Each structure stands twice: as structure tokens, then as C-alpha cells.
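Q: Provided below for reference: sequence and predicted model.
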Amino acid sequence: MSARGLIVSAPRSSSGKTLVTLGLLGALRRKGVAVRAAKSGPDYIDPAFHAAATGAKGVNLDSWAMPASLIDALIADITHSAELLVIEGAMGLFDGVPGTPGRSGAASDLAERLRLPVLLVLDVSGQSQSAAAVAAGFASYNPAVRVGGVVLNKLGSDRHRALIADALKPLGISVLGAIPRDETLVLPERHLGLVQASEHADLAARLNRFAEVAARHLDLDAILAMAAPLDEQEASAPAPLKPPGQRIALALDEAFSFVYAHVLDGWRRAGSEIVPFSPLRDEAPADDCDVCWLPGGYPELHAGKLAAARGFLDGLAKFSQSRLIHGECGGYMVLGEGLEDAQGARHAMAGLLGHATSFAKRKLHLGYRQARLLADNPIGAKGDMVRGHEFHHASIVAKGNDQPFVDVTDAQGRPVAETGSRRGRVSGTFFHAIAREA
């Protein structure tokens, strides 16, 4: 099947990209269009909403963290049976990190490289003709990035729409949708983004409403016509990360959920089997696994329950005596001596590494990470270069005496103080590994 694609982006965060993306996916699916979705950048929450809206897995496409060959392989995989690929941007269209052209992490990198048009979502509350000036700036900023049309979000009235549409007409920019202001058209958020899709008991009803809004207020036929053909991509690429073992015990529940679909798929394609377990349900990693992986998530919201999960903690300690364990971000926090929750109460954790963390003493840690591995470990071999992303509010309040896990810098090559830890067969980092360096 020959697929087409487009990118949903905006001038900034909180403009309505997710509402438009989810509504568009649902409305087109109702029309019988075989639609798939991807998230530009390292966000690990939105793809689960995309999956719920399309009925197929969501993935990430990250121009900074992923080599071009991996992006091509992911697109080939997700579009082999699709008519349309919708890529949702992160932050603003051109927001990324300075450095190598085309590898900034911005959605505009994908628009330029894949030659896909951008559906630009404008939050027009508090402005009218000025919205046309914003759209004009985005349309002309990079001639290689084409704005195919705009969606006006948080519209006040029909007159409001007419004022903006009239101002856009001389610019040759089409209005492909206008969504009235409605404060209920939102998804609840917390400190790391949207409340996870799995936590919404009414998720289906929310997605149905978004689809109905899109069907009523977006020009679906014009948006479909705007989409551009996707070139045939290579269908395979090396696993993004070396499989850490043959049978991988993967913590997976409300406290441990931040794991990239492309990483798991790469492990499976390399022949590994993934065996999920739930620490929150006091489950331990299975004895017949040869490595345990603790992803990020929200352990700070469940610290008391995790501290009381003796089956999980004792099983983890037993596992570490003969097999490898690795934790990312929230998983790394749980591997330490203790975790302070938002109220400052300290909860004992696994104690397999010597650090302690606090969610009460909050500090934002955010950005891309480039890491050189200091020893053989579940992520790769000593000396390997890995790219990833860090996003959390927890602070290390006790460093412990463990060995550093990586030499790590940010996207500009500046050293990052938190280098992760390793002790025996146990390791962890605050960054999420995305792919090996190309």
C-alpha cells in the first residue's frame, strides 16, 4: 500500500496539537482510512494515546537521537499497511537543539527530510488578524518546510474565523479547520505531561468526542488531499539498542511504563523474548529470565506501595545475585536506597545501588543526552555511544559510592553531572536510551 503523510505541529506547546491529532486520527478511521501515527521527539506518553486512537502501536521518530536509517525503518514498518501517517510534533515546529543541520530533534527536520506538509495548529484566543502574521512567519521561515494549511483552535465566533481567514487569504494559506473555544476539550496533565492513557477509565469516550469534534470542524477531505506521498523506505535496520538478554523481565504497570516501542520491537526482532511483570502487584522478575529492565514512570506516586512490595523487592535482590538489572529514570530511583515522595516522606527502595532520590526537592532535568558507556552493561558494550533523553523532577539527595555508569553530555557537548551508577550486576541512569550512535 502506498502511504501518504503529514505533520501536525504548532508555534508552541499547548496550542491544541494533541486534540487535533487524536481527533483527526479518530475521524479518519471512522471514514475507513487506514491511519497510523507517530510522535516527533522523545515523548513516551503521547504514543499510547495514538495507539488507542488508531488501534495500532504508536512510535517515536526523533531526528536528534535516531540515525536516519532507523527513522526510515520505523516509517517502513508502520506504513506498510497504512494509507496515511500522521506525525504529531512536540513543542513548536522549529524547536530543537542547535548543531548538525537536520538533527535538531525538531518536527521541522522530519518535514524537510520526508517532504511532508505541516498542518499548523494556531491557538487564536486573544488575537485575530495577528494569527495570519504568525502563520506567515512559520510559512516563510524555512522554504524547505511547507505549511499546507492551518487549523484555528479556541475560536470565539464565526466573525472571529472570518477575520483570520480573510487575513490569511492573500498569503495563500488555507484554513482547513476551526475549533470553537471549549475548555472541556482537554486531557488532564501532571508533572511529566499528560496523565497516561492507561489511567483514563473514560478514554474511549474522550477519543470519541475528539473524533466528533474533528469530523464537525475539520475539512477532512482537504487535509487528506494535502498529505504528501511517502517515499519507499528501507524495511529493516539494526536494533536501536543491543538486546540486553535472551529473556527480558520488563517491569510494566502504572509506576513503570516509559519504555519506547521501537526499543522493544528491536529486541524482539533480534530474537529476545519480553516477559512483563508488575512491581505494584508485588510481582518479582521471573526466574527463567536472564536480565531485568526497570523503565521510567511514576514511582514517586506509588512509593509507599512499592516499599511495601516485599515479593518484588526480595525477588529483585535475589535476581541481582546472578543476573543483570538495569533501571531508567524511575527505575533507577527504585534501585537506590530510598525515595522521598512529594510530602517529604522517605520510603525504602531496593538498595541495590547506593544513591537516594527526592521528589519533594524538585528540580527540572530536561534535555537530550549523549553517553559513552564505561563498562559492558545491558545497554551495550564498553565504549559504545548511545543517545537518549532525560526528563524528570527528582533530585539525588545522596550519591552513594557506586561507580559511574557513563560519561554523559548534553546535546551541545557540555558535561552532565548525573552519570548514573553501577554496582556488580546492577546499573541505572536518569536518561532513557533511544538508540546507538550512528
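A: That came through fine.

Q: State the helix or strand in which residue 75 lies.
A: Here residue 75, judged by DSSP states H and E, is contained in helix 68-79.

Q: Just the mean pLDDT for that helix, thanks.
A: Helix 68-79 shows a mean pLDDT of 92.

Q: residues of that helix that come out buried?
A: Within helix 68-79, the residues scored as buried using 16 or more other C-beta atoms under 10 Å are 70-79. For every residue, glycine as well, the C-beta is placed using N, CA and C.

Q: ok, residue 14 - contacts?
A: Applying C-beta atoms under 8 Å, 6 or more residues apart in numbering to residue 14 gives the contacts residue 123.

Q: Also residue 107?
A: Per C-beta under 8 Å, 6+ apart, neighbours of residue 107: 7, 9, 40-41, 87, 89-90, 93, 118.

Q: quick one: low-confidence ranges for the stretch 151-300 of the chain?
A: Within the stretch 151-300 of the chain, the ranges that satisfy pLDDT under 70 run 233-236.

Q: Tell me how many other residues surround residue 172.
A: Here the number of neighbours of residue 172 (other C-beta atoms under 10 Å) works out to 9.

Q: how about it, what does it touch?
A: Contacts of residue 172 by C-beta under 8 Å, 6+ apart: none found.

Q: before we move on, the earlier item: could you dump the buried residues of helix 68-79 to TSV with distance to residue 24?
A: Converted to TSV, the buried residues of helix 68-79 look like this (distance: C-beta to C-beta, whole Å):
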residue	distance to residue 24
70	26
71	22
72	24
73	25
74	20
75	19
76	22
77	21
78	16
79	16
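
Q: Looking at those, spot the one nearest residue 23.
A: Nearest to residue 23 among the buried residues of helix 68-79 is residue 78, at 20.0 Å by C-beta to C-beta.

Q: quick one: that closest one from residue 84, how far?
A: Using C-beta to C-beta, to the nearest Å, we find residue 78 at a distance of 11 Å from residue 84.

Q: Need the overlap of contacts for those two.
A: residue 36.

Q: Tell me the one of the contacts of residue 107 nearest residue 246?
A: Closest approach between those and residue 246, by C-beta to C-beta: residue 41, at 31.4 Å.

Q: which of the buried residues of helix 68-79 lies closest to residue 325?
A: Nearest member of those to residue 325, counting by C-beta to C-beta, is residue 70, at 26.3 Å.

Q: Please name the nearest non-neighbouring residue to the closest one.
A: The shortest distance from residue 70 to any non-neighbouring residue, by C-beta to C-beta, 6 or more residues apart in numbering, is to residue 237 (5.0 Å).

Q: what about the one you found, which SS state?
A: coil (DSSP: H, G, I helix; E, B strand; the rest coil).

Q: Same check on residue 18?
A: helix.

Q: neighbours around it, how many?
A: Neighbourhood size, residue 18 [other C-beta under 10 Å]: 24.

Q: looking at it, it is touching residue 187, isn't it?
A: Yes - with contact defined as C-beta atoms under 8 Å, residue 18 counts as touching residue 187 (6.7 Å).

Q: where do the contact lists of those two overlap?
A: Shared contacts of residue 18 and residue 187 (C-beta under 8 Å, 6+ apart): 49, 194.

Q: can you give me the strands for the stretch 251-400 of the chain?
A: Remark: strands assigned in the stretch 251-400 of the chain by DSSP state E, counting those that start in this stretch are 256-258, 273-277, 291-294, 296-297, 324-328, 338-340, 346-348, 356-358, 365-373, 385-392, 395-398.

Q: Which stretch among the ones you listed approaches residue 126 most closely?
A: strand 365-373 (27.5 Å).

Q: Provide the strand pairings for that closest one, with the direction of each partner.
A: strand 385-392 (antiparallel), strand 406-409 (antiparallel) (DSSP bridges).

Q: Deepest-packed of the ones you listed, please.
A: Highest mean neighbour count among the strands paired with strand 365-373 (mean count of other C-beta atoms under 10 Å): strand 385-392, with a mean of 22.

Q: relative to strand 324-328, how tilted is that one?
A: For strand 385-392 against strand 324-328, the angle by axes from the mean of the first three to the mean of the last three C-alpha atoms, to 10 degrees is 50 degrees.

Q: average pLDDT for strand 385-392?
A: For strand 385-392, mean pLDDT is 95.

Q: do the same with stretch 97-107
A: Stretch 97-107 shows a mean pLDDT of 95.

Q: so how far is that stretch off the chain centroid?
A: A distance of 17 Å separates the centroid of the chain from that of stretch 97-107, by C-alpha atoms, centre = their mean, to the nearest Å.

Q: swap in stretch 120-128?
A: That offset, for stretch 120-128, works out to 25 Å (C-alpha atoms, centre = their mean).

Q: Between the two ends of that stretch, how far is it?
A: In stretch 120-128, first residue to last residue: 16 Å (C-alpha to C-alpha, to the nearest Å).

Q: Likewise for stretch 78-96?
A: Per C-alpha to C-alpha, stretch 78-96 runs 24 Å from first to last residue.

Q: circling back: output the strands paired with strand 365-373 in TSV; the columns should cover distance to residue 429.
A: Shown next, in TSV, are the strands paired with strand 365-373 (distance: least, C-beta to C-beta, whole Å):
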stretch	distance to residue 429
strand 385-392	8
strand 406-409	6
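
Q: Neighbours of the nearest residue to residue 438 once chain neighbours are set aside, how many?
A: Spatial nearest neighbour of residue 438, chain neighbours left out: residue 67 (3.4 Å); criterion: C-beta to C-beta, 6+ apart. Residue 67: 18 surrounding residues under other C-beta under 10 Å.

Q: give the contact list for residue 67.
A: By C-beta under 8 Å, 6+ apart, the residues touching residue 67 are 237, 435, 437-438.

Q: can you rerun that using 10 Å?
A: Residue 67 makes contacts with 73, 103, 237-238, 240, 387, 435-438, as judged by C-beta atoms under 10 Å, 6 or more residues apart in numbering.

Q: ok, now residue 96?
A: 40-41, 63-64, 90, 102-109, 368, 411.

Q: quick one, what contacts the residue lying closest to residue 244 once chain neighbours are set aside?
A: Spatial nearest neighbour of residue 244, excluding adjacent residues (C-beta to C-beta, 6+ apart): residue 378 at 3.4 Å. Residues in contact with residue 378, defined by C-beta under 10 Å, 6+ apart, are 241-245, 248, 291-293, 324-327, 425-428, 433.
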